[in-house]
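Novice: Next one to model:
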Amino acid sequence: VNPPPQRRASWVGRIIRLVAVAAAGVFLAVPLYIGLVKAGVLPNPFAPSVAGDLELARSDRAGLRVLFVGNSLTYENSIPTLVHKLAEKDEGAPPIFAVQYTAPSWTLRRASEDDGLAALLKEVRWDVVVLQEHSAFGSRPGRPPEMYLPARALDAKIDAAAARTMLFMTWSFRDGAPDVPGENFEAMHARLAWGYTYLARDLSAALAPVGLAWAEARRRRPEVDLWASDGRHASLAGSYLAACVFYAMLSGRDPSASDFTAGLDEADARFLKDVAAEVVAPYVRDALVRGR
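Specialist: Prediction:
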């Protein structure tokens, strides 16, 4: 039975009032929340955070101390943690104490201006600091100042802390950069590879060729999906491949010597380790020759 028109009108009025009250609450709550974040009462969800083996890095235990600086491409699936576990499951390998200092959508410019990172660089005797740029800048053609200038500033701070700089050559998105007409994987990959390669040469820094390993794995076995569902971030397999590249670069060892598979199919894990080892070999030799 339909309610009379007067009752329907009353219900509609109540709903409108409730929506108006809720909207007003949100309108008032947002600036209040921002004010509390600025005052330090509430945490900023977009602020950089530290995770990983910080206490081990601070300790006197023997091991390689590595700080990863970047954004969600680094902290999704925690590439630093995967690197730590690869070393842990490689009998006879020195331990790697891997720490991440990351924030959503972070850029090298924001990292270069961050007081927390500056303090962390001085606090721990880091051996290597890994720098990962936002893909929007890393994939721009030429030598974009948004990437190169803060990278130089960070490299100077890392050098002052008696550590070595290593650049994280990131992977292309599945369909390339979304804001570039006619874009595809190959085009974005080529720009990323070019940009990181020449930046590494400018800084005399080591280069972890994750993007090259990604392209090679995709060429050999495209059925191993390296991307998450958004086509930008890494799946577990993609993060594992990146971690294998870093492990080979940092330790100089073949990642196949590690029993750690991150829960992946053993055949897939072995394939990703082999690709990482092959792609990394000339980069390890180059880093050793230049003493970086």
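
Novice: mind listing the helices for the stretch 1-150 of the chain?
Specialist: Applying DSSP state H, counting those that start in this stretch to the stretch 1-150 of the chain gives helices spanning 5-38, 54-58, 72-75, 79-88, 108-112, 115-123, 135-138, 145-160.

Novice: So which helix or strand of the protein has the lowest pLDDT on average?
Specialist: Ranking every helix and strand in the chain by mean pLDDT, DSSP states H and E puts helix 5-38 at the bottom, with a mean of 62.

Novice: just to revisit the earlier point, so which of the helices of the stretch 1-150 of the chain gets nearest Pro178?
Specialist: Go through those one by one with Cβ to Cβ and the one that ends up closest to Pro178 is helix 135-138, at 9.9 Å. Every C-beta, even on glycine, is put in place using the N, C-alpha and C of the backbone.

Novice: just the CA coordinates of that closest one, formatted as CSV?
Specialist: Presented in CSV, the C-alpha positions along helix 135-138 are these (Å, rounded to 0.1, in the frame of the first residue of the first chain):
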residue,chain,number,x,y,z
SER,A,135,57.1,7.8,-12.7
ALA,A,136,55.5,11.0,-13.9
PHE,A,137,59.0,12.6,-13.7
GLY,A,138,61.2,9.6,-14.4
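
Novice: helices and strands around it, which ones?
Specialist: Applying 3 or more Cβ pairs under 8 Å, 6 or more residues apart in numbering; DSSP states H and E, we find helix 135-138 packed against helix 145-160, helix 185-203.

Novice: Export the ones you listed to a markdown table and append columns for distance to Ala277.
Specialist: Output for the helices and strands packed on helix 135-138, formatted as a markdown table (distance: least, Cβ to Cβ, whole Å):
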| stretch | distance to Ala277 |
| --- | --- |
| helix 145-160 | 27 |
| helix 185-203 | 19 |
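
Novice: Which stretch among those helices is buried most, on average?
Specialist: helix 185-203 (a mean of 19; mean count of other Cβ atoms under 10 Å).

Novice: Can you dump the C-alpha atoms of that helix in PDB for me?
Specialist: Output in PDB follows, covering the C-alpha atoms of helix 185-203 (Å, rounded to 0.1, in the frame of the first residue of the first chain):
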ATOM      1  CA  PHE A 185      54.800  -0.100 -22.800                       C
ATOM      2  CA  GLU A 186      57.900   0.100 -25.100                       C
ATOM      3  CA  ALA A 187      57.800   3.900 -25.400                       C
ATOM      4  CA  MET A 188      57.600   4.600 -21.600                       C
ATOM      5  CA  HIS A 189      60.200   1.900 -20.900                       C
ATOM      6  CA  ALA A 190      62.700   3.500 -23.300                       C
ATOM      7  CA  ARG A 191      62.300   6.900 -21.700                       C
ATOM      8  CA  LEU A 192      62.700   5.500 -18.200                       C
ATOM      9  CA  ALA A 193      65.800   3.500 -19.200                       C
ATOM     10  CA  TRP A 194      67.400   6.500 -20.900                       C
ATOM     11  CA  GLY A 195      66.600   8.900 -18.000                       C
ATOM     12  CA  TYR A 196      67.900   6.700 -15.200                       C
ATOM     13  CA  THR A 197      71.000   5.600 -17.200                       C
ATOM     14  CA  TYR A 198      72.100   9.100 -17.900                       C
ATOM     15  CA  LEU A 199      71.300  10.300 -14.400                       C
ATOM     16  CA  ALA A 200      73.500   7.400 -13.000                       C
ATOM     17  CA  ARG A 201      76.300   8.600 -15.300                       C
ATOM     18  CA  ASP A 202      76.000  12.200 -14.200                       C
ATOM     19  CA  LEU A 203      76.100  11.200 -10.500                       C
END
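
Novice: Show me what the helix or strand just after it pairs with in its sheet, parallel or antiparallel.
Specialist: Once helix 185-203 ends, the next helix or strand along the chain (criterion: DSSP states H and E) is strand 206-208. Strand 206-208 pairs in its sheet with strand 164-168 (parallel), by DSSP bridges.

Novice: re earlier: now for the helices of the stretch 1-150 of the chain, which one comes closest to Tyr101?
Specialist: Nearest to Tyr101 among the helices of the stretch 1-150 of the chain is helix 115-123 (5.8 Å), distances taken as Cβ to Cβ.

Novice: and the closest one, which residues are buried?
Specialist: By neighbour count on 16 or more other Cβ atoms under 10 Å, the buried set for helix 115-123 is Leu117, Leu120, Leu121.

Novice: In JSON lines, list these along with pLDDT.
Specialist: Formatted as JSON lines, the buried residues of helix 115-123 follow (pLDDT from 0 to 100):
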{"residue": "Leu117", "pLDDT": "97"}
{"residue": "Leu120", "pLDDT": "97"}
{"residue": "Leu121", "pLDDT": "97"}
